[in-house]
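> Okay, structure incoming, though there's no sequence with it:
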């Protein structure tokens, strides 16, 4: 059972930055894809960014491309989501998740989830 713990959320003004972290419990996440999702009140959970743990190949939702960067540090057993140029529409609960399928963008393709961290962007 992969356990994931997010941190780094908070309140930030529009145009600001935040870095989210996702720490995992396994010896390694080799073979997994780690994804970041977000869910705003009243909305469905949506894919934000993903990274293949082995090679570090990344992929993004169009809405965050060029503003958000996903990365991972295998030694620290942590994935990150650097969020720049934040806008009020980025306000949501952010979740990290792990999937055995590379390139997964669907919620149903991820087997393990963290508890989420809240990001609020004020205008």
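Looks like it came in fine. Please read all numbers here as calculations on a predicted model, not as lab measurements.

> how close does the most centrally placed residue in the chain get to residue 123?
Nearest to the geometric centre of the chain sits residue 36, at 2.3 Å (Cα atoms, centre = their mean). Counting by Cβ to Cβ, to the nearest Å, the gap from residue 36 to residue 123 is 23 Å. All C-beta spots, glycine's among them, are computed from the backbone N, C-alpha and C.

> any idea which element the residue nearest to the centre of the chain lies in?
Element membership for residue 36, per DSSP states H and E: strand 33-39.

> And the contacts of that strand?
Outside strand 33-39, the residues that touch it by Cβ atoms under 8 Å, 6 or more residues apart in numbering are 20, 22, 24, 45-53, 70, 72, 79, 81, 90, 92-105, 107, 110, 116, 119.

> what do you get for stretch 96-114?
Contact with stretch 96-114 is made by 1-6, 20, 22, 24, 29, 31-37, 44-45, 47, 50, 52, 57, 59, 61, 79, 81, 95, as judged by Cβ under 8 Å, 6+ apart.

> Show me what the mean pLDDT comes to for that stretch.
Averaged across stretch 96-114, the pLDDT comes to 95.

> Show me the shaky parts of the chain.
Of all residues in the chain, none has pLDDT under 70.

> again, 90 this time
Applying pLDDT under 90 to the chain picks out residues 1, 25-30, 102.

> Tell me which stretches of it form strands.
Applying DSSP state E to the chain gives strands spanning 4-7, 10-13, 18-24, 33-39, 46-52, 58-60, 68-73, 78-83, 92-99, 112-113, 117-122.

> Give the buried residues for the strand holding residue 36.
33-38 (16 or more other Cβ atoms under 10 Å).

> So what's the gap between it and the chain middle?
4 Å (Cα atoms, centre = their mean, to the nearest Å).

> picking that back up, in the sheet, who's paired with the residue nearest to the centre of the chain?
Counting by DSSP bridges, residue 36 is bridged to residue 49, residue 96.

> roughly how far apart are it and residue 27?
22 Å.
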